[in-house]
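1. I'll drop the sequence and a predicted model, then ask my questions.
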Amino acid sequence: MIRRLVVACACLALATLGTGGAAIAADLARGEVLFHYCTQCHGDAGGGSLLARAPAIAGLGEWYLQSQLRKFQSGDRGTHPDDVGGLRMHPMSRLLRSEEDLQAVAAYVASLTPSRPEPVVEGGDSARGAVLYTLCATCHGPEGAGIQAFNAPALRTTNDWYLLAALAKYKVGVRGSNPRNGTAMLMRGMAMQLSDEQAMKDVVAHIMTFADSK
């Protein structure tokens with residue numbers, strides 16, 4: 001209910017800005033309707049669900065959300081037989097029947113307040129992870145805020161279990177083996193620099209120290 005009131009207030013404020021603002025408000029309203037499909041796994045506020053193996057997505061960059069939805073739709077991502085979450089997202093993304101729908105839901109998700117997921121992964125050493133993260137910082141930024149120019153999303157508002165699972169997928173080729181997905185292939189090369197699960201846990205533990213950063 002609160003989320004709907006926030007969106008309604010935002011839409012009203014944008015509508016007062018004229019034709020452009022009204023169009024943005026309409027997109028956000030349309031995006032909220034379309035987001036209903038996503039809430040089954042990602043939650044009403046986009047905070048993610050460990051049970052559904054669906055990560056937090058609230059507040060992610062609109063550009064990144066759009067690019068990933070397009071990759072899911074085309075099959076450039078989410079078609080590996082061992083990628084359970086991706087195989088679920090591939091058909092779900094196709095419920096967005098037009099580019100306008102895709103842009104609307106991406107804009108709405110980007111407008112949601114970013115979550116600060118509680119860590120659940122145990123055994124990571126953030127101090128060791130800080131050293132390992134120096135390679136990641138080149139693209140994702142020193143505090144995990146993401147850098148659009150490098151097609152690198154924000155990490156600091158993502159669930160630690162999802163980050164660990166994603167790194168594991170990259171290392172074995174469940175992600176990053178499709179030649180049509182160049183950014184994922186690059187990310188696989190980066191993940192291969194982490195020698196084992198302990199190293200992955202360490203770097204994830206360090207990323208979690210960014211959780212309260214603004």
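-> Thanks, I have it.

2. show me the shaky parts of the chain.
-> Filtered on pLDDT under 70, the chain yields the residue ranges 1-23, 211-214.

3. domains in it, by residue range?
-> Domain ranges of the chain: 2-111, 126-208, per automatic domain parsing.

4. residue 154 is in contact with residue 144, correct?
-> Yes - here residue 144 reaches residue 154: they are 6.3 Å apart, a contact under CB atoms under 8 Å. No exception for glycine: its C-beta is placed from N, CA and C like everyone else's.

5. between those two, who's got more neighbours?
-> residue 144 (24 against 20; other CB atoms under 10 Å).

6. how close does the more buried one sit to residue 36?
-> Residue 144 sits at a distance of 29 Å from residue 36 (criterion: CB to CB, to the nearest Å).

7. between the domains of the chain, which one is closest to residue 120.
-> Closest of the domains of the chain to residue 120 is domain 126-208, at 5.5 Å (criterion: CB to CB).

8. ends of the closest one, how far apart?
-> 8 Å (CA to CA, to the nearest Å).

9. tell me the SS of the residue positioned nearest the centre of the chain?
-> Central residue of the chain (CA atoms, centre = their mean): residue 57, 4.7 Å from the mean position. Per DSSP: H, G, I helix; E, B strand; the rest coil, the secondary structure class of residue 57 is coil.

10. and the residue lying closest to it once chain neighbours are set aside, how many neighbours?
-> The shortest distance from residue 57 to any non-neighbouring residue, by CB to CB, 6 or more residues apart in numbering, is to residue 46 (4.8 Å). Around residue 46 sit 26 other residues, with neighbours defined as other CB under 10 Å.

11. which strand or helix spans residue 46?
-> In this assignment (DSSP states H and E), residue 46 forms part of neither any helix nor any strand.

12. contact partners for it?
-> Going by CB atoms under 8 Å, 6 or more residues apart in numbering, residue 46 touches 35, 38, 56-59, 109, 112, 115.

13. most neighbours, which of those residues?
-> When the contacts of residue 46 are compared by neighbour count (other CB under 10 Å), residue 57 ends up highest, at 27 neighbours.

14. and that residue, how far from residue 133?
-> Distance, residue 57 to residue 133, by CB to CB: 22 Å.

15. residue 87 too?
-> 30 Å.

16. who's more crowded, these two?
-> Per other CB under 10 Å, whichever of residue 87 and residue 133 has more neighbours is residue 133, with 22 against 14.

17. that one: what secondary structure?
-> Using three-state DSSP, the structure places residue 133 in helix.

18. doesn't residue 207 make contact with it?
-> Yes - with contact defined as CB under 8 Å, residue 133 reaches residue 207; the gap is 6.9 Å.
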